[in-house]
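Q: fold the following and give me the result.
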Amino acid sequence: MSLPGKMHVFNTRHSADWIKAIENCPKHDFYHLPQYHAMAEHQGQGDAILFQYCEGKYSIALPLLTRRLNGLPGIRTEDADRLDATSVYGYSGPIVSDAEVPSTVILNFQEALHRCLIEMGIITVFSRLHPLFSQHAMLNGMGECRTLSQTVSIDLSLPLEEQMAGYRPSVKMGINKLRRQGVVCVRDCNNIQLGTFIEIYHETMRRVGAAKEYFFPAVYFRQLSNAFGQHFHLFLCALDGNVMCGGLFIECNGILQFHLGGTRDDALMLSPSRLLVDGVRRWAVGRGLNVLHLGGGSTARPDDSLLHFKLGFSKRTHDFSVWRWVLDPVVYERVCADSARCNEENVRAATAADYFPKYRTLAASTAPERHCVDPVDGRLSTPSLLA
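A: This next block holds a predicted model:
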């Protein structure tokens, strides 16, 4: 049966078409853009594809990374050329052209997407969803959307005094103390100190026991700067010229995302990141941005210290959810069984009981390392880590 609309499929070589499709959706973020997906491809995370369904005046766009199962432990020859799909590091998911999309259009999009994915040999889809956008309605009936935790944002459209009223008293006191001590927050317009920030970020990753995939190489940060140009912002806090902490922020469509951050080990007691967030907030207001999204915690636990830190600046929270969809249950169960059998034969134990998809569960032959991962889906629940 033919559908009234049409599904377009773009890759990063069709960047002009990809950008046009994204810009047709008023609510989008840099995580949806082709240049960010091209970076993921460069890091070997998969092949980027944008699915755009158009029907009448409506359109729905969904970016994904596709990966071959070939090379995974225990995968048999007949399944080696099959694919699965995931999302880029950050917040992705479907975006739409209109605030209200008819249910018939959504159903037609879902049917067209299902048909496309099956034809490509994709057996599962995993995507982190964007906390600031309403996306669940686009995905209802396709697997499950599971809320894992909360993220925090600051509404920059509020009067300044109302924004400050959302600060925890201890945060206000800490910021004032840092200023009295001479700590300053500056925007590095020319990214002169990007190398210093990379050192601090890696130092932070070592301190929190992050998994190796979060130790982004120096070239990643340069690519990020080049890809987003004037929308890429490096902020640093320093005392007497010595950088104590920093953060990378990326601006898109009125949203300022706290992408990555870190604090030097010897500056932890001062918690200079409080001044960093406040300084960035003030700058973002002057720039006319709508929201500063701080992200969530480093785990899904309600007592997560990073989430507690961010709640010190705002009580405005958003659900952080993931989408998990098994398209071919028969093949999925077979691949999971083969993977589990291989792990058992090699005395490897899964490090995350509810990781999705199961056949990609991280496994180790010795005691598991400390991974900064969400215990539900095996992935970081937020793209930023601060002291």
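Q: so which elements touch the host helix or strand of Ser321?
A: Assigned by DSSP states H and E, Ser321 falls within strand 317-326. On a contact count with 3 or more C-beta pairs under 8 Å, 6 or more residues apart in numbering; DSSP states H and E, strand 317-326 meets strand 122-128, helix 136-139, strand 144-155. Yep, even glycine has a C-beta here, placed from its N, CA and C like the rest.
Q: nearest to Glu100, of the ones you listed?
A: helix 136-139 (10.1 Å; C-beta to C-beta).
Q: distance from the chain centre to the closest one, please.
A: A distance of 18 Å separates the centroid of the chain from that of helix 136-139, by C-alpha atoms, centre = their mean, to the nearest Å.
Q: pLDDT of it, averaged?
A: Mean pLDDT, computed over helix 136-139, is 97.
Q: and for stretch 147-161?
A: 96.
Q: quick one: that stretch to chain centroid distance?
A: Worked out by C-alpha atoms, centre = their mean, stretch 147-161 lies 17 Å from the chain centre.
Q: what residues sit buried inside it?
A: Under the neighbour-count criterion of 16 or more other C-beta atoms under 10 Å, stretch 147-161 has Leu148, Ser149, Gln150, Thr151, Val152, Ser153, Ile154, Leu156 buried.
Q: out of the residues you listed, who's nearest Gly166?
A: Closest to Gly166, out of all of the buried residues of stretch 147-161 and judged by C-beta to C-beta, is Ile154, at 7.1 Å.
Q: how about residues contacting the strand holding Ser321?
A: Strand 317-326 has contacts (C-beta atoms under 8 Å, 6 or more residues apart in numbering) with 91, 93, 123-129, 131-132, 136, 139, 142-153, 296, 311, 332, 356-357, 376-377, 379, 381-382.
Q: so what pLDDT did the residue most central in space within the chain get?
A: Nearest residue to the geometric centre of the chain (C-alpha atoms, centre = their mean): Gly90, 0.9 Å. pLDDT for Gly90: 94.
Q: helix, strand, or coil at the closest residue to it other than its chain neighbours?
A: Leaving out its chain neighbours, the residue that sits closest to Gly90 by C-beta to C-beta, 6 or more residues apart in numbering is Tyr31, at 4.2 Å. Secondary structure, DSSP: H, G, I helix; E, B strand; the rest coil: Tyr31 is helix.
Q: for Tyr31, give me its contacts.
A: Val88, Gly90, Tyr91, Ser92, His130, Gln257.
Q: list buried residues within these.
A: By 16+ other C-beta under 10 Å, the contacts of Tyr31 give Val88, Gly90, Tyr91, Ser92, His130, Gln257 as buried.
Q: please name every helix or strand in contact with the helix or strand encompassing the last one.
A: With elements taken from DSSP H and E, the one containing Gln257 is strand 255-263. When contacts are defined as 3+ C-beta pairs under 8 Å, 6+ apart, strand 255-263 packs onto helix 194-208, strand 242-252, helix 273-286, strand 291-296.
Q: what ranges do the helices span in the protein?
A: Remark: helices assigned in the chain by DSSP state H are 15-23, 34-42, 103-120, 136-139, 160-165, 169-180, 194-208, 218-228, 273-286, 305-311, 329-345.
Q: helices or strands up against the fifth one?
A: Using 3+ C-beta pairs under 8 Å, 6+ apart, the elements in contact with helix 160-165 are helix 273-286.
Q: Arg222 is in contact with Phe197, isn't it?
A: No - look at Arg222 against Phe197 with C-beta atoms under 8 Å: they stay out of range, at 11.6 Å.
Q: name the residues contacting each of these two.
A: By C-beta under 8 Å, 6+ apart, no residue touches both Arg222 and Phe197.
Q: more neighbours: the two, which one.
A: Phe197 (23 against 14; other C-beta atoms under 10 Å).
Q: skipping its backbone neighbours, what lies nearest the more buried one in space?
A: Gly246 (4.3 Å).
Q: surely His293 is in contact with Asn253?
A: No - with contact defined as C-beta under 8 Å, His293 and Asn253 do not form a contacting pair (11.7 Å).
Q: when those two are compared, which one has more neighbours?
A: Just comparing His293 and Asn253: by other C-beta under 10 Å the higher neighbour count belongs to His293, 26 against 16.
Q: for the more buried one, give the beta-bridge partners.
A: Ser153, Gln257 (DSSP bridges).
Q: same question for Val96.
A: Ile60.
Q: burial of it, as a residue count?
A: Val96 has 25 nearby residues by other C-beta under 10 Å.
Q: tell me, how many residues neighbour Gly209?
A: 10.
Q: okay if I get the helices of the chain as CSV plus distance to Tyr58?
A: Below are those laid out as CSV (distance: least, C-beta to C-beta, whole Å):
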stretch, distance to Tyr58
helix 15-23, 13
helix 34-42, 22
helix 103-120, 5
helix 136-139, 11
helix 160-165, 36
helix 169-180, 43
helix 194-208, 41
helix 218-228, 29
helix 273-286, 32
helix 305-311, 35
helix 329-345, 31
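Q: which of those helices has the lowest mean pLDDT?
A: It's helix 329-345: among those, that one has the lowest mean pLDDT, namely a mean of 91.
Q: sorry, back to before: any idea how far Leu156 is from the residue nearest to Gly90?
A: Tyr31 sits 19 Å away from Leu156, going by C-beta to C-beta, to the nearest Å.
Q: what's the mean pLDDT across the strand holding Ser321?
A: Strand 317-326 comes out at a mean pLDDT of 97.
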